[in-house]
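Undergrad: Give the three-dimensional model of this entry:
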Amino acid sequence: MSNTKTAILVKGFTLVEVIVAVAIFSLIIGTFASLFVLFFKNYNFTVEQGKTIEEAKLSVQKFGSELREARTSQDGAYPLVITNDQEVAFYSDVDNDGQVEKVRYYLDGNSFYRGVVEPGTPPVVYDSNTETIRMISDKVENETQPLFLYYNSDWPGDQINNPLVQAQRLLDTRMIRLELLINTDVNQQSDFEITSQTMIRNLKIN
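TA: Below you'll find the model as predicted:
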C-alpha cells in the first residue's frame, strides 16, 4: 500500500492586491458616506422648506381675514392707509376686542413683517412708535416684484386699468392680491409662490 501525500498550496495576497482592495473598499465607503450626507442635507432642506411655507401660508390666510374686515378707524379715517407695491396698511379689528387697530404688512429686503398699532385712549391717536412688529418670514424672494397688487370694482371685466397704478389705489381699491415668493435656499430649488385675493367687504359698491 502506498501513501499519497497531498500538498496544499496556500497563496497569500500580494502588497499590490492589498492596496487595490483597500482603495476599492475606501471608495465604496466614501460613496455611501457622500450619499448619506446628501440625503440628510436634502431631508433637512425639505423639512425646513415645508415648515417655512406652512407658516407663510397661515400668515397669508390671517392677512386675508384681517383685510377682508378693514373698516373706518376709531378716529374716522378711511379704511386703507398705505397702498404700495411692498407695503399695505389698513384699519381692522384684528383681535375682536371692539377696538379698531392699524395693521401694516410690509417687505424689508427678504423679510416680511406684520405690524399692529393699538388705538390710544380718547382722543384716539394711532402712534407709530407703539407699533408691535412680528416677522412672518425672512425667506422672501420677491425682490422688486410687487408683493401687493390692487384692483378696482370693475375687475376682472376691466383688465386694461387693472392692476391699479399708484395714484388710483387708495380710493379705488376694492380687492388686493398678495403674491409671496418663498425659498429657504435659492441654490436648492425654485421659489414657491403663495397667493391670495381678498375683497374688502366695507368698500364693496354692489
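
Undergrad: switch to C-alpha atoms for all contacts and neighbour counts from now on
TA: Fine.

Undergrad: residue nearest the centroid of the protein?
TA: residue 182 (3.9 Å; CA atoms, centre = their mean).

Undergrad: what about that residue, distance to residue 176?
TA: Noted for residue 182: a distance of 19 Å to residue 176, by CA to CA, to the nearest Å.

Undergrad: Likewise for residue 99?
TA: Residue 99 is 23 Å from residue 176, by CA to CA.

Undergrad: Out of the two, name the residue with the larger neighbour count.
TA: It is residue 176, of residue 99 and residue 176, that has more neighbours when counted by other CA atoms under 10 Å, with 23 against 16.

Undergrad: what are the ranges of the strands in this structure?
TA: Using DSSP state E, the strands of the chain run over residues 80-83, 87-92, 101-108, 111-117, 132-137, 148-151, 175-182, 192-199.

Undergrad: is it possible to export the ones you listed to TSV including mean pLDDT and distance to residue 27?
TA: Conversion of these to TSV gives the following (pLDDT from 0 to 100; distance: least, CA to CA, whole Å):
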stretch	mean pLDDT	distance to residue 27
strand 80-83	97	60
strand 87-92	97	54
strand 101-108	96	48
strand 111-117	96	44
strand 132-137	94	42
strand 148-151	98	53
strand 175-182	95	38
strand 192-199	92	37
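
Undergrad: Make CSV out of those and add distance to residue 160.
TA: Shown next, in CSV, are those (distance: least, CA to CA, whole Å):
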stretch, distance to residue 160
strand 80-83, 19
strand 87-92, 23
strand 101-108, 27
strand 111-117, 30
strand 132-137, 33
strand 148-151, 11
strand 175-182, 16
strand 192-199, 19
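
Undergrad: out of these, nearest to residue 69?
TA: Of all those, strand 87-92 sits nearest to residue 69, with 6.0 Å by CA to CA.

Undergrad: For the closest one, enumerate the helices and strands it packs against.
TA: helix 15-68, strand 80-83, strand 101-108 (3 or more CA pairs under 8 Å, 6 or more residues apart in numbering; DSSP states H and E).

Undergrad: Let me know the angle separating that strand from strand 101-108.
TA: Calculated by axes from the mean of the first three to the mean of the last three CA atoms, to 10 degrees, strand 87-92 forms an angle of 170 degrees with strand 101-108.

Undergrad: Restrict strand 87-92 to CA atoms and write it as PDB.
TA: Output of strand 87-92 as PDB, limited to C-alpha atoms (Å, rounded to 0.1, in the frame of the first residue of the first chain):
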ATOM      1  CA  GLU A  87     -46.400  97.600   1.800                       C
ATOM      2  CA  VAL A  88     -50.100  97.900   2.700                       C
ATOM      3  CA  ALA A  89     -51.700  99.300   5.800                       C
ATOM      4  CA  PHE A  90     -55.300  99.400   6.900                       C
ATOM      5  CA  TYR A  91     -57.600  99.600   9.900                       C
ATOM      6  CA  SER A  92     -59.300  96.500  11.200                       C
END
